[in-house]
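>>> Sequence first, predicted coordinates after that:
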Amino acid sequence: MTERLFFTHDHLTAELEVLTCTPHEAQFAVTLQSTIFHPQGGGQPCDTGWLGKSQVLRVTQEAGCVVHYVDQPVATGPVIAQIDEQRRTLNSRLHSAGHLIGNVGETLGWMPIKAHHWPGEGKITFIRGEAAQAMEAEAIQRQIDQWIAADYPRHLALEDGSRAVGFGELPAYACGGTHVQALGELGQVTILALSEKKGALSVRYEIT
């Protein structure tokens, strides 16, 4: 099983240990003893970057291991890994913004059931709780703006292999994704639209 260093650190570069490198179609599949690369999953796109001079094109979770698909082979042993910082920052901002929308929904009696934190496609889906109140874009926007202005810091909790992520006084969510260190890093989060279909309410959002 690959150790996920991004669970506890925000490293953009690190020396890692290559365990295997095998041809896979037109690419090469690389496993590492530990990784700073977030694989696609949990509603978040994967990190990209470099292992030495090899470009990391995509990263997946496969049977307990994180697999890094690169454009040219990597020798086993130590290698310098580097994350694409711009992509990581964007994904982290989108994911953290999604958590805030989930927090707002829960204060109004809605339960988040699905999240999609992709650029240009940000969306959180809720179902009604027993005491669900009306949810409006303007009210969500006001609350998120207040939390961002408060610049709540991120806090992490690890227990029995699970990880929870929260901000300031807000409830934490079980989450394996990457996040900003404090809400002031989010910049502008904009609620675009709400739509309800077959008992599920979707909130679309973007960051600028």
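Sure thing, it's come through.
>>> Please count neighbours and contacts with C-alpha atoms only from this point.
Fine.
>>> so what's the closest residue in space to Phe6 that isn't next to it in sequence scoring on pLDDT?
In space, and not counting its chain neighbours, Phe6 is closest to Ile36: 5.3 Å by CA to CA, 6 or more residues apart in numbering. Ile36 is assigned a predicted lDDT (pLDDT) of 98.
>>> What are the phi and psi values at Ile36?
phi -100, psi 0 (degrees, to the nearest 10).
>>> Count residues in the vicinity of it, would you?
Neighbour count of Ile36, defined by other CA atoms under 10 Å: 24.
>>> can you give me the helices for this structure?
85-107, 137-150 (DSSP state H).
>>> helices or strands next to the shortest one in the packing?
Under the contact criterion of 3 or more CA pairs under 8 Å, 6 or more residues apart in numbering; DSSP states H and E, helix 137-150 touches helix 85-107, strand 189-197.
>>> Please convert those to a markdown table, extending it with mean pLDDT.
Conversion of these to a markdown table gives the following (pLDDT from 0 to 100):
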| stretch | mean pLDDT |
| --- | --- |
| helix 85-107 | 98 |
| strand 189-197 | 96 |
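>>> which of those sits most buried?
helix 85-107 (a mean of 21; mean count of other CA atoms under 10 Å).
>>> contacting residues for the most centrally placed residue in the chain?
Centre of the chain computed as the mean C-alpha position; nearest residue by CA atoms, centre = their mean is Gly177, 3.5 Å away. By CA atoms under 8 Å, 6 or more residues apart in numbering, Gly177 lies in contact with 7, 38, 42, 44, 92, 95.
>>> do the same with Thr125
112-115, 200-203.
>>> which of those count as buried?
Neighbour counting by 16 or more other CA atoms under 10 Å classes 112, 115, 201-203 among the contacts of Thr125 as buried.
>>> For His68, state which of those is nearest.
Distance to His68 across the buried ones among the contacts of Thr125 (CA to CA) is lowest for Ala115, with 23.8 Å.
>>> domains of this structure?
3-83, 87-207 (automatic domain parsing).
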